[in-house]
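sequence plus the predicted model coming up.
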Amino acid sequence: MAISEVEFKKESKILDKVGKLLNETIEALGFDVNKEEEDLVEFKKMIWEDAHSFDNMEIAQAKLTTDEEENRALKKKEYFKKLLTIKKKPYFASIVFKDEDGDIFNIYMALTYLKDKDANNILYDWRSPICSLFYDYETGPCEYEAPGGIFKGELKRKRQYKIADDKLVGVFDNSLNIDDEVLQEVLAKESNEKMKNVVNTIQQEQNKVIRNLTDNNLIVQGIAGSGKTTVALHRIAFLLYRLKNLSSNNILIFSPNNIFTEYISEVLPSLGEANTLQTTFNDYLAAFINEYKDVETFTSFISRYYSHKEEYEELVKYKQSDEIIDDFTNYLDNYVKKAKFLEDIIEDEKNVVLKDELNELLHYKYDRLPLFERVEEIASKLSAQFYKGSNKKKATFLKLLKKSANFEKDYKTIYKDFYLSSFCKIKLPEATINSFIKKAVLNYEDALLFAYLKGYLEGFIYEGTIKQVIIDEAQDYNRLQYLIISKIFQKADFTILGDINQNINPYYKYDSLEELKDLFKGESKYLELLKTYRSSPEIIAYTNKILNLRHINAIRRDNNKPIVFRKNLANLKESLVNDIKTLQDEYKSTAIITKDEKEALKIYDLLKEELEISLVDADTKNFKKELIIIPAYTAKGLEFDSVIIYNDRDNSYRNNERNLLYVACTRSQHELYIYN
């Protein structure tokens, strides 16, 4: 609801006052930052030039002082950058809160805080405890939790602002009503090249995920368009604000592909935080598995299925199953149990170790370690034992131990032998086994098992500096992947987000993501996001029918744009070109989403002479969203103003491929065309 003219003028004066203070603070802080950097350079120069005149203790103290000053200067510089970020739009909302003592607080919310000369808060960081009232309550009784306890009172007013270039453009008083004016205006906008922050439109159910500090691990089931990724990124910004000793370098995001990594790259910087570490599970596999030239990507793995190129579907399904985890673990347990040294080792006449002593070390003293780490420890122990604590002969003893052992670090052979053993539930000819063992590029489904094998026998690469792990598109990870991840990041807490309706892995599915709760240490909480902010009601009604869903709520207002169907076309090219031009006249971005890469290439070749169009695959990092062609399994997580779904008549979506069609259709915000 728009405010009165008198109130508008009053708010304009407040904005002018805040803008003046902000400019003064930026100017003063900029001077301090430059001066401190110059002073630090001079101080370091002095220490370097006069190092000979200081003793070791004085040098250590000088270094400590320098480090402390650098940290102080860095924090001041980071705050300076945040103030520059909000210079043109100082704040986006305000609340009036009356506490139980009758004191009234007028809280203006921004991306960062601002204080006046008397250290009074003028702007509050949106992540501060009191600002949660804006997201969680309508006007009326309310409470918020802060480090000092729970504070109750009454929310007297909620107000949102549209500010452009220091000028007040619009002011709205609103309730928590989901179709408030600001939210609907944001939803009506065309999609951007990259994801943006949504601090001014965070909804109550999203805020519960963002601000949760009670549970170690959050598992979030969110329907298509519910803002899962946006929520995850705002949660990162919140954790960076609230948790001491947490920096962007302590947080790792697992993204589905490189396109997605690039798409979300501007959200955290727009919130005043540095981007975190990011990777894909494929990147981890490729780095850990050096026995093969490369590892197949997840996209290529599922493309084999959807392109009908997979010869051994039942075998792949077994390799992806929960069942194989127990079978494979039992096989590895048995391998370790049977491992032993067959001969005494003799380094020289004086240095002899009996095989019984070696096996005692292998299976009892060092049994807490992975098998091949045990061998390393035994070699170190023997070197120290016979050479007065020195490790110089470790390599010699390692060589002797390997010669005596009935096992060796040949992971390909160990992996192959599983399929020849009684532990494997599927019996295969050796030629079939060799066909996937001896490939230059290891199949994705084999890479997961191979990585587990390596980690089991030599230890996983432990990442102790990572304190928070974010996993997006969680439904596409099988249980074995979570088992591996939990062993790598043993000190981390997890935020896991996904949608079982968008599962595109044809070999593995969850009935509920709640099944993941028992996989991680500490307290785990399962939450759901059941409102979609992306697509129009017309698109949601259609996509609900694909999977027989009934619980999805569309928040966008009706746009009266029905789904358009194109069938039995005399001229495919002409029809596509006409529809694309119609959509481009109205919208900023259009995507043609195909079932697989082969069809994407076909349509690209058909249209590239007529239109300026981009072909996007899983390896693409940068692209313009105006007009693209992209396979459905690569488009996950992205959104477009309009979408054309295309698949050949002889390559239609099968009954068990409904999820992939659902993913494709839910990429659209405003209009959807179906070509079949």
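Everything's here; your move.

in the stretch 501-650 of the chain, which ranges drop under the pLDDT threshold?
Within the stretch 501-650 of the chain, the ranges that satisfy pLDDT under 70 run 551-554, 556-558.

same deal with the stretch 51-200 of the chain?
51-70, 175-193.

at 90 instead, please
Applying pLDDT under 90 to the stretch 51-200 of the chain picks out residues 51-81, 147-148, 164-166, 170, 172-200.

hey, where'd the strands end up in it?
Ranges of strands within the stretch 51-200 of the chain are 93-99, 104-110, 114-115, 121-125, 140-146, 149-164, 167-173, based on DSSP state E, counting those that start in this stretch.

show me what the shortest one is packed up against.
Applying 3 or more Cβ pairs under 8 Å, 6 or more residues apart in numbering; DSSP states H and E, one finds that strand 114-115 makes contact with helix 5-49, strand 121-125. No exception for glycine: its C-beta is placed from N, CA and C like everyone else's.

so which of those is the most packed in?
strand 121-125 (a mean of 19; mean count of other Cβ atoms under 10 Å).

any idea of the angle it forms with strand 93-99?
With axes from the mean of the first three to the mean of the last three Cα atoms, to 10 degrees applied, the angle from strand 121-125 to strand 93-99 works out at 110 degrees.

how many residues are close by Phe640?
By other Cβ atoms under 10 Å, the residues close to Phe640 number 28.

next: Lys81.
There are 14 residues near Lys81, going by other Cβ under 10 Å.

what of Gln204?
Using other Cβ under 10 Å, Gln204 is surrounded by 14 other residues.

before we move on, the earlier item: in JSON lines: the strands of the stretch 51-200 of the chain, plus distance to Asn505.
Listed next are the strands of the stretch 51-200 of the chain as JSON lines, based on distance: least, Cβ to Cβ, whole Å:
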{"stretch": "strand 93-99", "distance to Asn505": "40"}
{"stretch": "strand 104-110", "distance to Asn505": "41"}
{"stretch": "strand 114-115", "distance to Asn505": "47"}
{"stretch": "strand 121-125", "distance to Asn505": "40"}
{"stretch": "strand 140-146", "distance to Asn505": "39"}
{"stretch": "strand 149-164", "distance to Asn505": "41"}
{"stretch": "strand 167-173", "distance to Asn505": "44"}
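
which one of those strands lies nearest to Lys509?
For Lys509, the closest of the strands of the stretch 51-200 of the chain is strand 140-146, at 37.5 Å, according to Cβ to Cβ.

buried residues of the closest one, list them for me.
Buried residues in strand 140-146, defined by neighbour count with 16 or more other Cβ atoms under 10 Å: Cys142, Tyr144.

quick one: strands adjacent to that strand?
strand 149-164 (antiparallel) (DSSP bridges).

compute the inter-axis angle for the strand it pairs with and strand 104-110.
Using the same axes, to 10 degrees: strand 149-164 against strand 104-110 is 50 degrees.

how about strand 149-164: buried residues?
Under 16+ other Cβ under 10 Å, the buried positions of strand 149-164 are Phe151, Gly153, Glu154, Leu155, Lys158, Arg159, Gln160, Tyr161, Lys162, Ile163.
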